[in-house]
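A.B. asks: Here is the input, now give the coordinates:
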Amino acid sequence: MPENSVSNIATADALTLLLHNQHALAAAIEEVTKWLSENGVESAAYNAAGAMEALDTNAKEIANAIMRLRQA
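C.D. replies: As a prediction, the model looks like this:
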């Protein structure tokens, strides 16, 4: 196995862990957003929803990078 492949695997593994963190953070922010919305703190709920969108967008890009590394 070429050394580059070992490096790609290690990088993909690290990114996978970060992706799991992205999903956990998104789930937590979703719960906070729901609570904020239900308790009349709409501006904070709106900001939290924006953060969730950013996490989702970035998670998709991290997943794409993982796939490219694993295919190399």
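A.B. asks: what residues are up against residue 22?
C.D. replies: Taking C-beta atoms under 8 Å, 6 or more residues apart in numbering, we find residue 22 in contact with 55, 58-59, 62. C-beta here means a position set from N, CA and C on the backbone, and glycine is covered the same way.
A.B. asks: those helices in this structure, which residues are they?
C.D. replies: Per DSSP state H, the chain carries helices over the ranges 3-38, 42-71.
A.B. asks: For those, give me a markdown table that also has mean pLDDT.
C.D. replies: Shown next, in a markdown table, are those (pLDDT from 0 to 100):
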| stretch | mean pLDDT |
| --- | --- |
| helix 3-38 | 94 |
| helix 42-71 | 94 |
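A.B. asks: do you know how far residue 39 is from residue 45?
C.D. replies: Counting by C-beta to C-beta, to the nearest Å, the separation of residue 39 from residue 45 is 9 Å.
A.B. asks: Mind checking which of these two has more residues around it?
C.D. replies: Taking neighbours as other C-beta atoms under 10 Å, residue 39 and residue 45 compare with residue 45 leading, 18 against 10.
A.B. asks: Quick one: residues in contact with stretch 40-48.
C.D. replies: By C-beta under 8 Å, 6+ apart, stretch 40-48 touches 29, 32-33, 36-37.
A.B. asks: Would you quantify the distance from residue 52 to residue 69?
C.D. replies: 26 Å.
A.B. asks: Could you report the neighbour count for residue 18?
C.D. replies: 13.
A.B. asks: How about the contacts made by it?
C.D. replies: Applying C-beta under 8 Å, 6+ apart, the residues near residue 18 are residue 62.
A.B. asks: Quick test: name the residue nearest the centre of the chain.
C.D. replies: residue 22 (2.8 Å; C-alpha atoms, centre = their mean).
A.B. asks: circling back to that earlier point, and which of the contacts of stretch 40-48 is nearest residue 6?
C.D. replies: residue 29 (34.9 Å; C-beta to C-beta).
A.B. asks: hang on, the earlier thing: where's the residue nearest to the centre of the chain relative to residue 43, distance?
C.D. replies: 24 Å.
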